[in-house]
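Novice: let me see the structure of the following:
(one chain, ligands or ions: 2)
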Amino acid sequence: MSLLRRQAGGVASVLSVAWERTLDLVFPRRCVGCGVFGAFLCAACLSATPRAQPPRCPGCWMPVLSPQRLALGESPAGGPAAAELCERCRTRRPAFKAALCPFVYAGAAREAVHALKYDGLSAIAATMAEAMAVCLSEWRPPVTALVPVPLAGRRRRSRGYNQSELLARELSRLCGLPVDGGLLVRRTATPAQARAADEAARRANVEGVFAARPKAEPAGALLLVDDVMTSGATLDACARALVAAGLGPVYALSFARED
Ligand SMILES: [Zn+2]
Ligand SMILES: [Zn+2]
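Specialist: Numbering: from 1, shown residues only. Ligands and ions are numbered 1, 2, ... in the order given. Okay, here's the model as predicted:
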């Protein structure tokens, strides 16, 4: 049943409310975590999913384990001071000022990403964006627009949609910030990040892949939106392209963080 719904959902790249209601009648919503009917992510699974809580590096939101930094964890809004950053960010500062994610990429959060990305369950984006909207309202970076991480044309065609764009559109509906989908372009497809072994390889993978269209008037601070943040190399490359085009400052929000 669930698989049929996913396939039916994947067929329609742009789901209307009416179409969603029809799907609800024919293939009821099931939780991707436990299979219970009624929601794509039930309240029990959501509360059992590990949160990406502080203490974390305010630059890249990686967990910070050293005892002297355990006291940190204040809001990174406005960009972190260099002293608070993790070792990695201090060595090589990402082009985005700060990143945040509500969940760790595990449990039901991982199932949700898989359903959205690989099973064609585009409708789960609304549920995922709700958690991101709560995170954003507490964080409050001074951003004026949402910029989804672009997907390679080939991948977008085979999936039927860009999952980051779906998340950005749902987030926009909830927070009121506009989506600037045409600001960033992806020049080429890259090998899947999961297959790139170390951080240097991940960075090399996305080097020069993104380009930003310069704007006639200043665009203000931007929020990059993605589904999963792994090493942060993709978000970094996107932010670099935006900054190189004279845009930004750039912040980043993902649904989940791979620790
Ligand atoms: Zn559940
Ligand atoms: Zn860091």
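Novice: now the host helix or strand of residue 108: buried residues?
Specialist: Secondary structure from DSSP states H and E places residue 108 in helix 107-117. Residues of helix 107-117 classed as buried: 107-113, 115-117 (neighbour count, 16 or more other Cβ atoms under 10 Å). All C-beta spots, glycine's among them, are computed from the backbone N, C-alpha and C.
Novice: now the angle from the helix or strand harbouring residue 253 to helix 107-117?
Specialist: According to DSSP H and E, residue 253 maps onto strand 250-257. Put simply, strand 250-257 runs at 110 degrees to helix 107-117, going by axes from the mean of the first three to the mean of the last three Cα atoms, to 10 degrees.
Novice: I'd like the average pLDDT over strand 250-257.
Specialist: The average pLDDT within strand 250-257 is 98.
Novice: listing partners with orientation, what would you give for it?
Specialist: strand 98-100 (parallel), strand 103-104 (parallel), strand 221-229 (parallel) (DSSP bridges).
Novice: what's the closest of those to ligand 2?
Specialist: Among the strands paired with strand 250-257, strand 98-100 comes nearest to ligand 2, with 8.3 Å by Cβ to the ion.
Novice: quick one: is that closest one near ligand 2?
Specialist: No - Strand 98-100 stays clear of ligand 2 (Cβ under 5 Å from the ion), getting no nearer than 8.3 Å.
Novice: after the helix or strand harbouring residue 158, next one along is what?
Specialist: Assessed by DSSP H and E, residue 158 sits inside helix 153-159. On the C-terminal side of helix 153-159, the closest following helix or strand by DSSP H and E is helix 163-175.
Novice: list of residues touching the very next helix or strand once past that following helix?
Specialist: Once the chain leaves helix 163-175, the next helix or strand it forms, by DSSP H and E, is strand 184-186. Here strand 184-186 makes contact (Cβ atoms under 8 Å, 6 or more residues apart in numbering) with 147-153, 209-213, 238, 241-242.
Novice: looking only at pLDDT, what's the mean for the helix or strand following strand 184-186?
Specialist: Counting by DSSP H and E, the next helix or strand C-terminal to strand 184-186 is helix 199-206. In this model, helix 199-206 has an average pLDDT of 76.
Novice: ok, now stretch 97-104?
Specialist: 96.
Novice: what residues does it touch?
Specialist: Counting by Cβ under 8 Å, 6+ apart, 49-52, 58-61, 76-80, 109, 131-132, 134-136, 139, 141, 229, 232, 235, 249-259 sit against stretch 97-104.
Novice: now do the same end-to-end measure for that stretch.
Specialist: The separation between the terminal residues of stretch 97-104, taken as Cα to Cα, to the nearest Å, is 20 Å.
Novice: turn the strands paired with strand 250-257 into TSV, including distance to ligand 1 and mean neighbour count.
Specialist: Formatted as TSV, those follow (distance: least, Cβ to the ion, whole Å; neighbours: other Cβ atoms under 10 Å):
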stretch	distance to ligand 1	mean neighbour count
strand 98-100	24	26
strand 103-104	14	22
strand 221-229	19	25
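Novice: so what's the nearest residue to residue 219 once chain neighbours are set aside up against?
Specialist: Leaving aside its sequence neighbours, residue 219 sits nearest to residue 247 (Cβ to Cβ, 6 or more residues apart in numbering; 5.2 Å). If a contact means Cβ under 8 Å, 6+ apart, then residue 247 has 183, 212, 214-215, 219, 222 as its contacts.
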